[in-house]
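**Student:** Quick one, structure for this:
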Amino acid sequence: QLQLVESGGGLVQAGGSLRLSCAASIRTFTNYAMGWFRQAPGKEREFVASITWSGSNTRYEDSVKGRFTISRDNAKNTVYLQMSSLKPEDTAVYYCAARYRSLATYHYWGQGTQVTVSS
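**Tutor:** Numbers count the residues shown, from 1 in each chain. Modelled structure (predicted):
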């Protein structure tokens, strides 16, 4: 069973940076593509970024392109989300998720980590 644990959230001023981490408790981490999602108060959860098992391909939601970078270290079973030039509208609970190989659905989710950006 794959378990995901996020860390690195917190309170930051607008324009600042944070790096989120997500540690996966499974040996075959390279079988999984990984993604980051977020949910702001009163809004639906939305896609933020994803990365393939090898790290060779990434995708981003339009509003975070050029500001956020997703990466992974397969030796550490960890995926990262480096967030820069943060805006108050980036305030949300951020979730790490995993999907098996080429499946379209993310079946495994972390518990979330709060990111709050003050203006």
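
**Student:** distance of the most centrally placed residue in the chain from S119?
**Tutor:** Per C-alpha atoms, centre = their mean, the C-alpha nearest to the average position across the chain is that of W36, at 2.7 Å. The gap separating W36 from S119 is 23 Å, by C-beta to C-beta, to the nearest Å. C-beta coordinates here come from the backbone N, C-alpha and C atoms, glycine included.

**Student:** Please apply the same query to Y94.
**Tutor:** 19 Å.

**Student:** Need the CA coordinates for the helix or strand hosting V5. CSV is fine.
**Tutor:** Element membership of V5 [criterion: DSSP states H and E] is strand 4-7. Only the C-alpha atoms of strand 4-7 are listed here, as CSV (Å, rounded to 0.1, in the frame of the first residue of the first chain):
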residue,chain,number,x,y,z
LEU,A,4,2.2,9.7,0.9
VAL,A,5,3.3,12.2,3.5
GLU,A,6,3.6,15.9,2.6
SER,A,7,5.7,18.5,4.5
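
**Student:** residues in contact with it?
**Tutor:** 20-25, 94-98, 108-113 (C-beta atoms under 8 Å, 6 or more residues apart in numbering).
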